[in-house]
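**Q** fold the following, please.
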Amino acid sequence: MSLLSDNVIPGNHGKVFGTDAKNKRDLDKIRKNILTVDGVKDVILNYEVYPKEFTIHTTKLVSIEAIQKVVTSLGFHLVPKDAIEL
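**A** Got it, this is the predicted structure:
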């Protein structure tokens, strides 16, 4: 596809992902495991929307596929939202 659609770009905006996880325990488990991916700086959970969302910030270029692989191993899905218009 493209650099923007296949990767999380370092910076202040991060990338927003939706997930099918619903309870706090599962969301915290997903957050903890995403933080183990090399280059991931922080993961912010948004409990106020449905489906639940994560905003992921990185210190370097990180492939979305690497992040999705970690979440899929936990039995959940993580789908990137549309790119943020600058």
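**Q** which regions of this protein lie under the pLDDT threshold?
**A** By pLDDT under 70, the weakly predicted segments of the chain are 1, 83-86.
**Q** which of the three states applies to Phe54?
**A** Three-state assignment for Phe54 (DSSP: H, G, I helix; E, B strand; the rest coil): strand.
**Q** any idea how far Pro51 is from Asn12?
**A** 24 Å (Cβ to Cβ, to the nearest Å). Every residue, glycine included, has its C-beta placed from N, CA and C.
**Q** more neighbours, those two?
**A** For Pro51 versus Asn12, the count of surrounding residues by other Cβ atoms under 10 Å is larger for Pro51: 13 against 5.
**Q** for the more buried one, which non-adjacent residue is spatially closest?
**A** Distance criterion Cβ to Cβ, 6 or more residues apart in numbering; nearest residue to Pro51, sequence neighbours excluded, is Gly18 at 4.7 Å.
**Q** quick check: that neighbour is in a strand.
**A** Yes: applying three-state DSSP, one finds Gly18 inside a strand.
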